[in-house]
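# this one's sequence-less:
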């Protein structure tokens, strides 16, 4: 080995050290990033609604015993099928009415949030860990490992997913654990595909090659060099998957193969309420509306996340809302000002054909 | 791949449960049970049963239903599949036919009042569980207004509510796709060039932008159809008591009718493959640059 090559390796190693140094600095700036994110949230009303609703829901699930006005399982046969408080014949003792066994609908909704959130988080975590691990392995190793893993993914995607989920759930027997297991087994493929795609695109980059050259073990390369690239796409995917899982849990419970009959789940409550569809509309409506609102909130948060994490989307949004001149007028730091100028130049250049100078004048 | 699906179903069902439990009456004696087991061939080792099943498949014999003895499973499929196909066709036609104009209208002025209204409605649509959509439709149009029947199969009026229930979430998802694809196309240079040379906006949108947004829209439409065929009609069929093969699949699962279930999964997988092939062929029609390998 020549001295020159040695020197190269040294400089690469030095570069790596420098990189870790930057990493530490980044952590400090991340807190300011968080503040910027939250600041931006105020401008996105829909995103704000989603975040607030989900935070309230999580709090309701955690503090369910304190918040629920009644025991969700307690039957009161005297007060059966009471309509919500504001309806003729309703009783404010039971604000959202009671079901066919005289159980308080509001309390059941509050406790039901536990199952929905638990299943959503657990499934996203399990499926995400399995999928990302296998996807990174497939992308990094390539060759036979890649073929075996991706063939499994393709085969399982070709399966009629919901039918298999129902079959598995009914074979194992209803319980919250069954639902988590079945949905995780059914949903890991999409993470594997995404992870593999990202790995393939960064595998050939200089810094990964550098890490390999200085002798990092495959595991270290995968975890410390490749995995961080997954953070942005993975977070959006995980949020969207969470919405899908909440719907799937509700569907399984509605069909009677999800949670146990004694558990408290929104989907199950809709199924129970179905029997009273002619006389008691609130039994179906209340849990259904809550599922819809939860999923809607998650979707709103996901679309907000996608916009703030994707510069192209952000630019589009600024161009669309025409807040640009106003923002530029404010005493912006020089770099931000330059960025805004290029952003407006991009949108202006197509129409007027003028350069950045002109649009700067606009601001 | 298609056969793999039904094989997995067969093995899962056979390994995890004893189908005989669901066939014989509860008060049956041990001898009756054993006799029935022998008659159905479930007393043999699983590997032999499995080989038998595969050999049957190769001959085109899909087995006999355990739940409705005497009927071959393919016969049941033949009776229920057309009903599901009718439902999927009606629902998906409705979704695609409405998503195109709605998405286009929203894309004309992104960020405008109309756009925000349509996006909010689409998001609300795609966030609602399908069974909830179905039950709301029943409460409003069947119970309150008494315009349409609650469910069942036969009269054309009984198709309306299930089709709408199947279409609504798909409509929400497709509208979002059409909208974002159209926004991308309308911001492109060739659209600006076409507008600059004096072409009417309507013509530009209809002829240039829509054609180019077509590939994305087609991909998602195909995905929606396969999703519906791959079992997502189960919920709608259950809510409206629509006797399609989704409802029979649910029944087969609950009665551990493994032959019927395997056949249903097999047919569903074949349908998914067929739809994918059709979508591939349509790609070429939408975008002549795409070549089929």
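Perfect, thanks for sending it. Since this is a predicted model, take the numbers as computed values, not measurements.

# what about the helices in the stretch 251-363 of chain A?
Using DSSP state H, counting those that start in this stretch, the helices found in the stretch 251-363 of chain A span residues A:266-273, A:281-309, A:311-321, A:324-329, A:334-352, A:356-362.

# same thing with chain B?
For chain B, helices defined by DSSP state H occupy the ranges B:2-16, B:20-23, B:30-40, B:46-59, B:73-108, B:113-127, B:130-137, B:157-186, B:189-196, B:201-203, B:210-227, B:233-240, B:245-254, B:258-286.

# again, but for the stretch 51-200 of chain A
For the stretch 51-200 of chain A, the helices defined by DSSP H, counting those that start in this stretch cover A:64-67, A:105-141, A:143-158, A:161-172, A:176-187, A:189-203.

# closest one to residue B:243 among the ones you listed?
helix A:161-172 (16.9 Å; Cβ to Cβ). The way it works is simple: take the backbone N, C-alpha and C, and place the C-beta from them, glycine included.

# centroid residue for the chain?
In the absence of a named chain, chain A is used. Nearest to the mean C-alpha position of chain A, by Cα atoms, centre = their mean, lies residue A:239 at 0.8 Å.

# actually chain B
Residue closest to the average C-alpha location in chain B (Cα atoms, centre = their mean): residue B:228, at 1.4 Å.

# if I look at that residue, how far off is chain A?
10 Å (Cβ to the nearest Cβ, to the nearest Å).

# now that residue. Nearest residue, chain neighbours left out?
residue B:88 (4.8 Å; Cβ to Cβ, 6 or more residues apart in numbering or on different chains).

# swap in residue A:46?
Residue nearest to residue A:46 in three dimensions, not counting chain neighbours: residue A:300, with 4.7 Å by Cβ to Cβ, 6+ apart.

# OK, contacts around the one you found?
Neighbouring residues of residue A:300 by Cβ atoms under 8 Å, 6 or more residues apart in numbering or on different chains: A:46-47, A:49-50, B:123.

# most surrounded residue in the residues you listed?
Highest neighbour count within those: residue A:50, with 26 neighbours (other Cβ atoms under 10 Å in any protein chain shown).

# that residue and residue A:298 touch, don't they?
Yes. If you go by Cβ atoms under 8 Å, residue A:50 and residue A:298 touch, sitting 6.9 Å apart.

# and for residue B:47, the neighbour number?
Residue B:47 is flanked by 8 other residues according to other Cβ under 10 Å.

# do stretch A:155-166 and chain B meet?
Yes. Using Cβ under 8 Å from any Cβ of the partner chain, stretch A:155-166 reaches chain B at A:155, A:158-164, A:166.

# follow-up on the earlier one: mean neighbour count and mean pLDDT added to the helices of the stretch 51-200 of chain A, as CSV?
Below are the helices of the stretch 51-200 of chain A laid out as CSV (neighbours: other Cβ atoms under 10 Å in any protein chain shown; pLDDT from 0 to 100):
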stretch, mean neighbour count, mean pLDDT
helix A:64-67, 13, 81
helix A:105-141, 21, 89
helix A:143-158, 15, 84
helix A:161-172, 22, 80
helix A:176-187, 21, 88
helix A:189-203, 20, 87
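
# tell me which of those lies nearest to residue A:306.
Checked against Cβ to Cβ, the stretch from those lying closest is helix A:189-203, at 13.9 Å.

# check which element follows the closest one along the chain.
helix A:206-213 (DSSP states H and E).

# report all helices and strands that that next one contacts.
In this structure, helix A:206-213 makes packing contacts with helix A:3-41, judged by 3 or more Cβ pairs under 8 Å, 6 or more residues apart in numbering or on different chains; DSSP states H and E.

# got phi/psi on the residue of chain B most remote from its centre?
Note on chain B: the largest C-alpha distance from the chain mean falls to residue B:197, namely 44.5 Å (Cα atoms, centre = their mean). Dihedral pair for residue B:197: phi -80, psi 10, per degrees, to the nearest 10.

# can you pull the phi/psi pair for residue B:148?
Per-residue torsions, residue B:148: phi -130, psi 160 (degrees, to the nearest 10).

# where does the stretch 1-150 of chain B dip in pLDDT?
The stretch 1-150 of chain B contains residues with pLDDT under 70 at B:1-6, B:13-30, B:32-33, B:36-46, B:58-64, B:66-70.

# check the gap between the residue nearest to residue A:114 when sequence neighbours are not counted and chain B for me.
Distances taken as Cβ to Cβ, 6+ apart put residue A:61 closest to residue A:114, at 4.7 Å, once the chain neighbours are dropped. Separation of residue A:61 from chain B (Cβ to the nearest Cβ): 19 Å.

# I'd say residue A:61 and residue A:121 touch.
No. In this structure residue A:61 lies outside contact range of residue A:121 using Cβ under 8 Å: 10.4 Å.

# how many other residues sit next to residue B:254?
Using other Cβ under 10 Å, residue B:254 is surrounded by 15 other residues.

# again, but for residue B:202
Neighbour tally, residue B:202, other Cβ under 10 Å: 8.

# try residue B:55
10.

# what of residue A:298?
25.

# show me what contacts the spatially closest residue to it that is not a sequence neighbour?
Using Cβ to Cβ, 6+ apart and skipping residues adjacent in sequence, the residue nearest residue A:298 is residue A:243, 4.0 Å away. Applying Cβ under 8 Å, 6+ apart to residue A:243 gives the contacts A:295, A:298-299, A:302, B:127.

# and the strand or helix carrying residue A:243, which residues are buried?
Using DSSP H and E, residue A:243 falls within helix A:231-255. By 16 or more other Cβ atoms under 10 Å in any protein chain shown, the buried positions in helix A:231-255 come out as A:234, A:236-255.

# ok, stretch A:279-287 next?
Within stretch A:279-287, the residues that count as buried by 16+ other Cβ under 10 Å are A:280-287.

# okay, those residues in TSV with pLDDT next?
Formatted as TSV, the buried residues of stretch A:279-287 follow (pLDDT from 0 to 100):
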residue	pLDDT
A:280	80
A:281	80
A:282	83
A:283	84
A:284	85
A:285	85
A:286	87
A:287	87
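
# you'd agree residue B:110 is up against residue B:180?
No. Residue B:110 is beyond contact range of residue B:180, at 9.2 Å (criterion: Cβ under 8 Å).

# give the intersection of the neighbour lists for the two.
Joint contacts of residue B:110 and residue B:180 (Cβ under 8 Å, 6+ apart) do not exist.

# picking that back up, so of the helices of chain B, which one's packed in deepest?
Highest mean neighbour count among the helices of chain B (mean count of other Cβ atoms under 10 Å in any protein chain shown): helix B:233-240, with a mean of 26.
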